[in-house]
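S.K.: Got a sequence here, can you model it:
(2 chains)
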2 protein chains.
Amino acid sequence: MQKLPKAVRRLIEKFEALPGIGPKSAQRLVFYLLHTPEVHLADFADKLLALKRETVMCHLCHNVAEQDPCDICQDKQRDQEILCVVEQPLDLLAIERSGKYLGNYHVLHGSIAPLNNIGPDQLYLRDIAKRMKNSSGELQIKELILATNPTMEGEATALYIAELLKNDNFFAEKIESGELSITRIGHGLPIGADIEYADGVTLARALEGRRSL
Amino acid sequence: MQKLPKAVRRLIEKFEALPGIGPKSAQRLVFYLLHTPEVHLADFADKLLALKRETVMCHLCHNVAEQDPCDICQDKQRDQEILCVVEQPLDLLAIERSGKYLGNYHVLHGSIAPLNNIGPDQLYLRDIAKRMKNSSGELQIKELILATNPTMEGEATALYIAELLKNDNFFAEKIESGELSITRIGHGLPIGADIEYADGVTLARALEGRRSL
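M.R.: Next up is the predicted model:
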C-alpha cells in the first residue's frame, strides 16, 4: 500500500485538527495546496505567524485587537454607561454588525461549562465588577446587558454574573435604588422564522418576552 | 462599526480561498486558532512551508512523492505491464487502498475541460505513449487502464487518450494483434447502493457492464 509523503500527511493532520474539518476535507485541502505556487504557501504561513504576533488582547474588554486598549474602549463617543457581556469576539462582531449597540463590551472568552472543566476562574469574569465602577469607585455603568448565548452554558454564565453582582452590597444597593439594571438579551423567534417549525423552548421564550403593541 | 484586526482578516481571507471553506467557516477557524498557543501556529506554518519543499513530482508517473522516481515506480515487484491512468494523486491513493491493483500509474493532474481552458497540453498526457514502450522501443505495457472519473471531463479525457493511441501506427498494430488492450474502469452501481435510488445514467452503465455469473 502506497503511503502519502510525510510532508503531505503532516499537513493533513494539521488541517484535521481544526474544528469542522474531517479527514477527507483535510486531504482535499492539502492536495489543493499542492497545486498552488510555493509563494502562496509562504504567504499563508506568514499570515498564520502574524495572527498572534500582530494582535493583542485589550486589557479592558478582552477583545482581540490591534492595539491595547482596543478601538472600542478608546472611543469616547460610545456610551460609557452601558456594558454588554459576550462569550466570544465573534459575538461582539455580530452585535456590532447589527448597528444597534453603541456602548462598551466585555468578552468572557467562553462560558461556564463544568463538563469541560471551565469554571468562572477560566473566564474573564472577575473584572466585570471593577469595570462597572469609575476610578473614584462610583458606579460607572447604568445597564449591564448579559448577551451570552441562549444555551445551557450561556444561561448559567449569565445567571452566575447576575448573582455575583447581587451578592455584592455595593451593586445590590444600586440595583435596589434603580441606578443599575442587569438585563438579559431578548430571546424569541428569529426574524424570518416560521412559528410552525419553531421549537418549544424558543416559543416559550417568545411568549414570555411578548410586548404590547 | 468595529473592524477585525488586519492580521485576523488576512488569515480569514487565506482560509476563504481554500475550496469548500466559506466566509463563516473561515472566521470560525481563525478564531479557533487565536485560542491556540503560538507554537501551534508556528508548527502549522512550518508544515505549510514543508509541503512543497519536501515533496517532489515523480518524473515518470507524476505522482506526488518524497523522492523521484517515486516508491511505486521504483518497486520492481509491481506488474510492469499494466499502466493505470488517473486524474489526481488522490485517485491513485484510493485505488491503492482497494488493494486490488499492482501495476503502475500515470497521474494526469486534471482532465480535459475546455470550459476551464484545460486542454491536453495542460495535462501530463503526451508522455503516456513514451511510457508504454521500453528503452529499446518495444511495447512494454499490455494493458492500459483508463481510470479517469465517470464525469463528462473524465470520459472525454479517456476517449482522447484512447484515440491518441489508436491514431499512432505502432500502437494501432499492437491493439489489432491483441498485444495491447486499452480498457476503461468499470462503471455501475456502487456496493451498498439501492437500485431504487440509482440515477438513470448509472443504471444504464450498470446494465451495459453486466457480467455472466
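
S.K.: so residue A:33 sits right up against residue A:41, yeah?
M.R.: Yes - when contacts are counted by CB atoms under 8 Å, residue A:33 is listed as touching residue A:41 (6.3 Å). For glycine as for every other residue, the C-beta is placed from the backbone atoms N, C-alpha and C.

S.K.: which residues do these two both contact?
M.R.: B:48, B:51 (CB atoms under 8 Å, 6 or more residues apart in numbering or on different chains).

S.K.: quick one, what contacts the residue nearest the centre of chain A?
M.R.: Computing the C-alpha centroid of chain A and ranking residues by CA atoms, centre = their mean puts residue A:88 first, at 1.5 Å. By CB under 8 Å, 6+ apart, the contact set of residue A:88 is A:107, A:108, A:109, A:110, B:31.

S.K.: How is the third one assigned, secondary-structure-wise?
M.R.: Under the three-state scheme (DSSP: H, G, I helix; E, B strand; the rest coil), residue A:109 adopts coil.

S.K.: can you pull the pLDDT of the closest residue to it other than its chain neighbours?
M.R.: Spatial nearest neighbour of residue A:109, chain neighbours left out: residue A:124 (5.7 Å); criterion: CB to CB, 6 or more residues apart in numbering or on different chains. Model confidence at residue A:124, given as pLDDT, is 95.

S.K.: Likewise for residue A:68?
M.R.: Here the pLDDT value assigned to residue A:68 is 91.

S.K.: same thing with the one 4 residues further on?
M.R.: Note on residue A:72: pLDDT of 94.

S.K.: And for it, the neighbour number?
M.R.: 19 (other CB atoms under 10 Å in any protein chain shown).

S.K.: how about the CA coordinates for the worst-scoring helix or strand of chain A on mean pLDDT, as PDB?
M.R.: One helix or strand of chain A scores below all others by mean pLDDT, DSSP states H and E: helix A:200-208, with a mean of 84. The C-alpha trace of helix A:200-208 is given here as PDB (Å, rounded to 0.1, in the frame of the first residue of the first chain):
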ATOM      1  CA  GLY A 200     -41.000  24.600  22.100                       C
ATOM      2  CA  VAL A 201     -38.300  26.300  24.200                       C
ATOM      3  CA  THR A 202     -37.900  29.100  21.700                       C
ATOM      4  CA  LEU A 203     -41.700  29.500  21.500                       C
ATOM      5  CA  ALA A 204     -42.000  29.500  25.300                       C
ATOM      6  CA  ARG A 205     -39.300  32.300  25.500                       C
ATOM      7  CA  ALA A 206     -41.000  34.200  22.700                       C
ATOM      8  CA  LEU A 207     -44.300  34.100  24.700                       C
ATOM      9  CA  GLU A 208     -42.600  35.100  27.900                       C
END
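
S.K.: so how far is it from its chain's centroid?
M.R.: Centroid separation for helix A:200-208 versus its chain: 24 Å, with CA atoms, centre = their mean, to the nearest Å.

S.K.: Please identify the buried residues of that helix?
M.R.: A:202, A:205, A:206 (16 or more other CB atoms under 10 Å in any protein chain shown).

S.K.: ok, and what's touching it?
M.R.: So helix A:200-208 is contacted by A:150, A:187, A:188, A:189, A:195, A:198 (CB under 8 Å, 6+ apart).

S.K.: got the domain boundaries for chain A?
M.R.: A:6-52, A:78-212 (automatic domain parsing).
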